[in-house]
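S.K.: One predicted model, sequence on top.
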Amino acid sequence: MAGSGRKLVHFGPRQVLPCPQLPYNQDVNRGIRLVILLFGPPGCGKGTQGQLILDWLPARIPAISTGEMLRAEIAAGSPLGVQTKSIIEAGVLVSDDLVNQVLRARISRPDCENGFLLDGYPRTVEQAEYLDHVLAERGMPPPVVLHLDVAADVLVGRMMSRRHCSKCNRMYNVLTMKPKTEGICDDDGAPLITRGDDREDVIRDRLQTYADVTRPVLSHYPHDRYFQIPGERSTHYVFEEITEILERFLAEEAAIEHPASASTAMSLPPATSAPGATAGSHTTSVPPAASVLSATSVTDQL
C-alpha cells in the first residue's frame, strides 16, 4: 500500500491501538459514544475483528451477542430469563418481542453508557426498527453497520478446513492454523475431529439462510451508515478498513460532545474504499446472496 496515502495500522501481540486523531484524554473520551453492528456470515472472521475493534477503541464498550444476552438473563433468574428458559426448553423459537426486551435490559446497564458492539442482533427488520427506537430514546447515535462480506466458495473452503479437539474443543485449521502434529491437539494430545456442521452441504444451507435473513436487515440502514467490507483479505487489511470508517464517526462524536477539544484534532479524510471500488466511499449496496448463519434456530440464539 506504499504511496497510496492510506493509514497503516501496525499489529503486535496484545497491542492496543489508540485512535490517533481524536482528542486524547479521559474526560473527552468519556463523552464519545458509538454503537456498532457487526454483520458477517459464519467463517468470515467476525469474532477476530470484533475483539480487535474493542481493543482499539479509545473508550471501553462491551461486545453483546444475542446468545450472551439470553444466557445472562437465564443465569440471573430474572423474569425475562425464566420466560426465555421455558420457551427454549419447549423447543419454541424465542420471539422478536422477548429478544427486544432482553436487549433493552442489557443496553440499559452502565457499561453501555459509551456504546456497545452488537453481534447477532438485529436479525429481522422489526428488530432493527426496535433498536432505532431504543437508541433514539436513550439519546444514542444511530448505529454504524459493518458488514464483512465473503464469497460463499471461500467460506466453504475455510470451514471445511476446520478441525476441533475431541477433548478440549480447541479449533485448528489445516490450511492456516495447523497443529504441531497432524491430527493431534497441541494442548492435550487428543485426536482432532471434523464437526458434522462443517460438511459442505450443511455449510451451504447455513450460508443461504444467513443471506435470506440478513439481506432485508442490511437494506434497512442508510448508505451513509452501512459499510460493506471485503472479508476475504488478510486480518490486517480488513481491520485497517474498519478503523478508517470508525475514526470518522468517532471524530464526529468528539466534535459534538467536546467541540473545543475536537477543534484541535486533525481533520480525518473520508473512509477510503478497497481497491477497485468507487473512489471516496465504501461499497454500500447490499450484495447478492453469497454468504451466511441461521438466524432463527434455538442453537444460534444460544
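M.R.: Right, received. Where do you want to start? Numbering: from 1, shown residues only.

S.K.: From residue 159, how far off is residue 178?
M.R.: 16 Å (CB to CB, to the nearest Å). Using the backbone N, CA and C atoms, a C-beta is placed for each residue, glycine as well.

S.K.: higher neighbour count, these two?
M.R.: Between residue 178 and residue 159, counted using other CB atoms under 10 Å, the more crowded position is residue 159 (22 against 13).

S.K.: Okay, the more buried one and residue 227: tell me how far apart.
M.R.: Distance from residue 159 to residue 227, by CB to CB: 24 Å.

S.K.: And residue 58, by the same measure?
M.R.: Separation of residue 58 from residue 227 (CB to CB): 20 Å.

S.K.: Mind naming the longest helix for this protein?
M.R.: helix 235-257 (DSSP state H).

S.K.: Point out the other helices and strands that that one packs with.
M.R.: Helix 235-257 is packed against strand 34-39, helix 46-56, strand 144-149, strand 226-230, helix 259-262, with contacts defined by 3 or more CB pairs under 8 Å, 6 or more residues apart in numbering; DSSP states H and E.

S.K.: mind showing which ranges of this protein have poor pLDDT?
M.R.: Where the chain drops to pLDDT under 70, the residues are 1-31, 257-302.

S.K.: 80 - rerun?
M.R.: 1-32, 91-93, 197, 253-302 (pLDDT under 80).

S.K.: Spell out the residue ranges of the strands in it.
M.R.: Using DSSP state E, the strands of the chain run over 34-39, 63-65, 115-119, 144-149, 162-165, 171-173, 192-193, 226-230.

S.K.: Run through the bridge partners of the most centrally placed residue in the chain.
M.R.: In the chain, the centroid-proximal residue (CA atoms, centre = their mean) is residue 38; its distance is 2.8 Å. Legend: beta-bridge partners of residue 38 under DSSP bridges are residue 119, residue 146.

S.K.: could you list every residue that touches it?
M.R.: Residues counted as contacts of residue 38 (CB atoms under 8 Å, 6 or more residues apart in numbering) are 46, 49-50, 53, 117-119, 146, 148.

S.K.: Dump the residues you listed to TSV, plus distance to residue 251 and neighbour count.
M.R.: TSV is the format used below for those (distance: CB to CB, whole Å; neighbours: other CB atoms under 10 Å):
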residue	distance to residue 251	neighbour count
46	25	21
49	21	21
50	22	21
53	16	21
117	19	22
118	22	25
119	24	18
146	17	25
148	23	24
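
S.K.: about what we covered before: mind putting the strands of the chain into a markdown table with distance to residue 88?
M.R.: Below are those laid out as a markdown table (distance: least, CB to CB, whole Å):
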| stretch | distance to residue 88 |
| --- | --- |
| strand 34-39 | 24 |
| strand 63-65 | 16 |
| strand 115-119 | 20 |
| strand 144-149 | 28 |
| strand 162-165 | 24 |
| strand 171-173 | 25 |
| strand 192-193 | 27 |
| strand 226-230 | 32 |
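
S.K.: Distance to residue 99 added to the helices and strands packed on helix 235-257, as TSV?
M.R.: Compiled in TSV, the helices and strands packed on helix 235-257 are given as follows (distance: least, CB to CB, whole Å):
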stretch	distance to residue 99
strand 34-39	15
helix 46-56	19
strand 144-149	18
strand 226-230	22
helix 259-262	36
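
S.K.: for those, which one sits closest to residue 78?
M.R.: Between residue 78 and the helices and strands packed on helix 235-257, the tightest spacing by CB to CB is seen for strand 34-39, at 23.6 Å.

S.K.: how far out from the middle of the chain is that closest one?
M.R.: Distance, stretch centre to chain centre, for strand 34-39: 6 Å (CA atoms, centre = their mean, to the nearest Å).

S.K.: what angle sits between it and helix 46-56?
M.R.: For strand 34-39 against helix 46-56, the angle between stretch directions is 170 degrees (axes from the mean of the first three to the mean of the last three CA atoms, to 10 degrees).

S.K.: now the angle from strand 34-39 to strand 115-119?
M.R.: 10 degrees.

S.K.: can you state the direction angle for strand 34-39 and helix 235-257?
M.R.: 150 degrees.

S.K.: circling back: could you dump the longest helix of the chain to CSV, C-alpha only?
M.R.: C-alpha atoms of helix 235-257 as CSV (Å, rounded to 0.1, in the frame of the first residue of the first chain):
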residue,chain,number,x,y,z
THR,A,235,-7.0,-9.7,9.0
HIS,A,236,-4.7,-6.7,8.9
TYR,A,237,-6.3,-5.3,5.7
VAL,A,238,-9.8,-5.8,7.0
PHE,A,239,-9.0,-4.1,10.3
GLU,A,240,-7.4,-1.2,8.6
GLU,A,241,-10.6,-0.7,6.6
ILE,A,242,-12.7,-0.9,9.7
THR,A,243,-10.6,1.6,11.7
GLU,A,244,-10.7,4.2,8.8
ILE,A,245,-14.5,4.0,9.0
LEU,A,246,-14.8,4.2,12.8
GLU,A,247,-12.2,7.1,13.0
ARG,A,248,-14.6,9.3,11.1
PHE,A,249,-17.6,8.6,13.3
LEU,A,250,-15.5,8.9,16.5
ALA,A,251,-14.3,12.3,15.3
GLU,A,252,-17.8,13.4,14.6
GLU,A,253,-18.9,12.3,18.1
ALA,A,254,-16.0,14.1,19.6
ALA,A,255,-16.9,17.3,17.8
ILE,A,256,-20.5,17.1,19.0
GLU,A,257,-19.7,16.3,22.7
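
S.K.: Kind regards, and thank you for your time.
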